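Student: Show me the folded form of this:
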Amino acid sequence: MKRFLILLILTFELHNAFALKKGLQNFCVAVVQLKSSEVGNFAIMDAYAKSAKMQGASLIIFPEESLFGWLNPIVFQKAKPIPGQYSDAFAMIAMRNNIWVATGIAEQGPQINPIYYQAYDSGILINPSGKIVLHHRKYNVLKNAFDQCPPPFGQNGCSYTPGPLSDIQVVNTPFGRTAILVCADAYTYDLTSLKILKTLNPQFVIINWGVTAAVIDSCGKASYNATSYAAAAAKFLGTAFVIGANATGNRPYGRFRPSCYCGTSGFATPNGLIGGIANITESMHLFYIPTPTKATKKRPMHAIASK
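Tutor: Here you go, the predicted model:
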């Protein structure tokens, strides 16, 4: 595994040198492999953003559900609307550090009863001015994944509420025509979301990952590698760099445990090759990616949606 990661990192360095030789403008992206014990700690996430900006990053990406932790049943009571209290906290990180912020975040859904609400597993992209420019509610949610459910779900299992496919949009950013998806919406075993996104001709796709394995030794192998999933998505799309951040540490909530987050955050090129990958021990990794508007063939602009 270690030898494999070293080879991938060397491949990335050669890729970067080639881009510079060709005169392509690169930009720096920071992916944070947030520990499961750090979710919701805005001081720590702000410190990552500050460090990323100081090292030249234009964008910082956090994993799936970096607020409460994936499958934490507290979301049925504590999640807030977007925009709202918690998305505003991420917006402050973006403004304070003058950096783009992409994060996974639980979002309050329709009310179930006077105490509990449904919950979305969402992803947002915020510009340095603190404006949410993309807001995606995960469509392909894992069924009956929670192990603690509010009434009226009872003990038969419950899920995040699937978001509408209309959330799949593309906006113009300094990184090109940009989209954001949450974890399984980028898996190629179910192409529902990716087929819609493909029609929008994206150039840069951000993924908030939550890829896990039962044991740490499985991480990096087939089915337990976030960047391998990114490569498959990029190959299907054919037009976009696909980059994402995955968490690390033990997953303390939900069914199908024991479970640990696998890290392996990284990016893939539009031809479906892995361009760079982080070691599971790294808390944050910086990648230099050719600006999509110069590195890829331009497509018609009529498909661009905006908010």
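
Student: and the longest strand for this structure?
Tutor: If you go by DSSP state E, the chain has its longest strand at strand 100-111.

Student: which parts of it are buried?
Tutor: Neighbour-count burial for strand 100-111 flags 100, 101, 102, 103, 104, 105, 106, 107, 108, 109 (criterion: 16 or more other CB atoms under 10 Å). For glycine as for every other residue, the C-beta is placed from the backbone atoms N, C-alpha and C.

Student: and if you look at stretch 64-80?
Tutor: 64-73, 75-76, 78-80.

Student: again, but for stretch 174-194
Tutor: 175-187, 193-194.

Student: can you check stretch 222-232 too?
Tutor: Here stretch 222-232 shows 224, 225, 226, 227, 228, 229, 230, 231, 232 as buried, counting by 16+ other CB under 10 Å.

Student: any idea which of those is closest to residue 33?
Tutor: residue 226 (9.5 Å; CB to CB).

Student: Now do the longest strand of the chain: which elements does it pack against?
Tutor: Helices and strands touching strand 100-111, as assessed by 3 or more CB pairs under 8 Å, 6 or more residues apart in numbering; DSSP states H and E, comprise strand 59-61, helix 85-97, strand 117-126, strand 204-208.

Student: so which of those is the most packed in?
Tutor: Among these, strand 204-208 has the highest mean neighbour count (mean count of other CB atoms under 10 Å), at a mean of 31.

Student: Each with direction, which strands does that strand pair with?
Tutor: Using DSSP bridges, strand 204-208 pairs in its sheet with strand 176-182 (parallel), strand 241-245 (parallel).

Student: chain center to that strand, what's the gap?
Tutor: 6 Å (CA atoms, centre = their mean, to the nearest Å).

Student: Stretch 40-56 too?
Tutor: Worked out by CA atoms, centre = their mean, stretch 40-56 lies 16 Å from the chain centre.

Student: residues making contact with that stretch?
Tutor: Contacts with stretch 40-56, where a contact means CB atoms under 8 Å, 6 or more residues apart in numbering, come from 28, 30, 32, 34, 38, 60, 62, 66-69, 89-90, 92-94, 96-99, 101, 283-284, 286.

Student: Recalculate using a threshold of 7 Å.
Tutor: Stretch 40-56 has contacts (CB atoms under 7 Å, 6 or more residues apart in numbering) with 28, 30, 32, 38, 60, 62, 67-68, 89, 93, 96-99, 101, 284, 286.

Student: Ok, stretch 268-283 next?
Tutor: With CB under 7 Å, 6+ apart as the test, stretch 268-283 has contacts from 5, 8-9, 12, 15, 31-33, 219, 227, 230-232, 234-235, 238-242, 248, 262-267, 285, 287, 296.
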